[in-house]
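J.: just to be clear, the model below is a prediction. Sequence and coordinates:
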Amino acid sequence: MISVCLATYNGSRYVEAQLRSILEQLAPEDEVLVADDGSTDDTVAIIDAMGDPRIRWVAQGGKLGVVKNFERSISAARGEFIFLSDQDDLWLAGKVDKIIEAFSLNPGVTLVTSDARVIDESGSVIADSFFGQRGHFAAGVLHNLIKNKYLGCTLAFRSSMLEHFLPIPRDVPMHDMWFGLLNDIYGKTHYIDQPLIAYRRHGNNASPAVGAPIVQKLVWRWRLVMNLLARLHRGRSDRVR
């Protein structure tokens, strides 16, 4: 079973197209878990009108912010494989099959990620490769603490990793970086060097790290390190019990 976790907030412009690109790749027993963070537009109504039984509301409202809203969705996942999705991208044909194949061929792999095509607001291609613009993908704690290469909307992981990933500390600014670093510690990453989504770049979806002052970035990384150490200590304590 596959669980797709989607966090929404005022995503009415693109959310239906995104959901359709996902649903056409899922089996009847799979699920799409949607947590809405208090949208004031037609996001909720648009999703309801789709009427697909695989779509399941986890929560509506709360104003938690994107990280904690994603956590609500992920916490409700019932599938063996958990896929993350933003509300404004598009999944390219074959994404699900290619990722499940990667897990099947590599039993030790706990997280799969991929490249992405970059599109603009209207869907025109800006770049054929996200990582072609930002440098090649590389796993590893030190590498990703310096420059995060885990793009959240491309991630899929085994549900067994939830014991390490959740809960997400409140002062962690980016869930993708948190998941990637913990997977580098506890698991194994497989990268598919092929775009499996169309990543939409527009004015409302910038990462909090984009354009942030260097001091702020250093503070975020310090908090990440402290939270990683705390999570490692928790893991050791759990094993001792």
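T.: That came through fine.

J.: contacts and neighbour counts: CA atoms only from here.
T.: Noted.

J.: and the next element down the chain from the helix or strand harbouring residue 182?
T.: According to DSSP states H and E, residue 182 maps onto helix 175-186. Per DSSP H and E, the first helix or strand lying C-terminal to helix 175-186 is strand 189-200.

J.: check which helices and strands that following strand sits against.
T.: For strand 189-200, the packing partners by 3 or more CA pairs under 8 Å, 6 or more residues apart in numbering; DSSP states H and E come out as strand 90-91, helix 95-105, strand 111-119.

J.: in the second one, what counts as buried?
T.: Using 16 or more other CA atoms under 10 Å as the test for burial, helix 95-105 gives 95, 96, 98, 99, 100, 102, 103.

J.: got JSON lines for these, with distance to residue 179 and pLDDT too?
T.: Listed next are the buried residues of helix 95-105 as JSON lines, based on distance: CA to CA, whole Å; pLDDT from 0 to 100:
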{"residue": "95", "distance to residue 179": "20", "pLDDT": "99"}
{"residue": "96", "distance to residue 179": "20", "pLDDT": "99"}
{"residue": "98", "distance to residue 179": "21", "pLDDT": "99"}
{"residue": "99", "distance to residue 179": "17", "pLDDT": "99"}
{"residue": "100", "distance to residue 179": "19", "pLDDT": "99"}
{"residue": "102", "distance to residue 179": "19", "pLDDT": "99"}
{"residue": "103", "distance to residue 179": "17", "pLDDT": "99"}
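
J.: could I get those in a markdown table, plus columns for distance to residue 37?
T.: Shown next, in a markdown table, are those (distance: CA to CA, whole Å):
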| residue | distance to residue 37 |
| --- | --- |
| 95 | 27 |
| 96 | 26 |
| 98 | 31 |
| 99 | 28 |
| 100 | 29 |
| 102 | 32 |
| 103 | 31 |
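
J.: with respect to residue 175, which of those is nearest?
T.: residue 99 (20.1 Å; CA to CA).

J.: from residue 227, how far off is that closest one?
T.: Residue 99 is 29 Å from residue 227, where distance means CA to CA, to the nearest Å.

J.: what's the neighbour count on residue 217?
T.: Look at residue 217: counted by other CA atoms under 10 Å, it has 17 neighbours.

J.: thank you, goodbye.
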